[in-house]
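A.B. asks: Let's see this in three dimensions:
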Amino acid sequence: QVQLVESGGGLVQAGGSLRLSCAASERTFSTYAMGWFRQAPRKERRFVAFISGSGGTTYYADSVKGRFTISRDNAKNTVYLQMNSLKPEDTAVYYCAARRGWPTVSTRDYDYWGQGTQVTVSS
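C.D. replies: Numbers count the residues shown, from 1 in each chain. Below is the predicted model of the structure:
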């Protein structure tokens, strides 16, 4: 059982930056692909970014490409999401998720989820 704990959310003005962290309990963290997803009020949870176990492959939703960067430190069992040039439409609860094997963009493919961290961007 992998436990994931997100942190780093908060309130920021439009144009600002935040860095989210997701710490995993799993010793074999490098064997897990990691994804970040977000869910705005009254909307479904949506893909934001993913990273392969080695960190060599990343992929982003079009809405965040060029503004967000996903990375991981396998020695620290942690994945990050650096968010720059934030917009009010980025406001959501952000979740990290883990799955063995190759990362995907589908929420249904991930086996483990964190509790989420709120990001609010004011205009």
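
A.B. asks: Now do the buried residues in stretch 62-82.
C.D. replies: Neighbour counts using 16 or more other C-beta atoms under 10 Å place 64, 68, 69, 70, 72, 74, 77, 78, 79, 80, 81 of stretch 62-82 among the buried residues. The C-beta positions use only the backbone N, C-alpha and C, and glycine is treated the same way.

A.B. asks: Distance across that stretch, terminal residue to terminal residue?
C.D. replies: Terminal residues of stretch 62-82 lie 16 Å apart, using C-alpha to C-alpha, to the nearest Å.

A.B. asks: ok, now stretch 109-116?
C.D. replies: Start to finish, the residues bounding stretch 109-116 are 18 Å apart (C-alpha to C-alpha).

A.B. asks: and what of stretch 75-93?
C.D. replies: OK, stretch 75-93 end separation, C-alpha to C-alpha: 26 Å.

A.B. asks: And stretch 41-53, by the same measure?
C.D. replies: From its first residue to its last, stretch 41-53 covers 30 Å (C-alpha to C-alpha).

A.B. asks: Check stretch 61-73 too.
C.D. replies: One end of stretch 61-73 sits 22 Å from the other (C-alpha to C-alpha).

A.B. asks: Provide the contact partners of it at residue level.
C.D. replies: The contact list for stretch 61-73 (C-beta atoms under 8 Å, 6 or more residues apart in numbering) reads 34, 36, 46-51, 55, 58, 60, 78-86, 89-90, 105.

A.B. asks: Mind giving me the PyMOL command for buried ones among the residues you listed?
C.D. replies: Selecting only the buried entries of these in PyMOL, with 16+ other C-beta under 10 Å as the criterion:
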select buried, resi 34+36+47+48+49+50+51+60+78+79+80+81+83+86+90
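
A.B. asks: among the contacts of stretch 61-73, which are in strands?
C.D. replies: Among the contacts of stretch 61-73, the members falling in strands (DSSP state E) are 34, 36, 46-51, 58, 60, 78-83.
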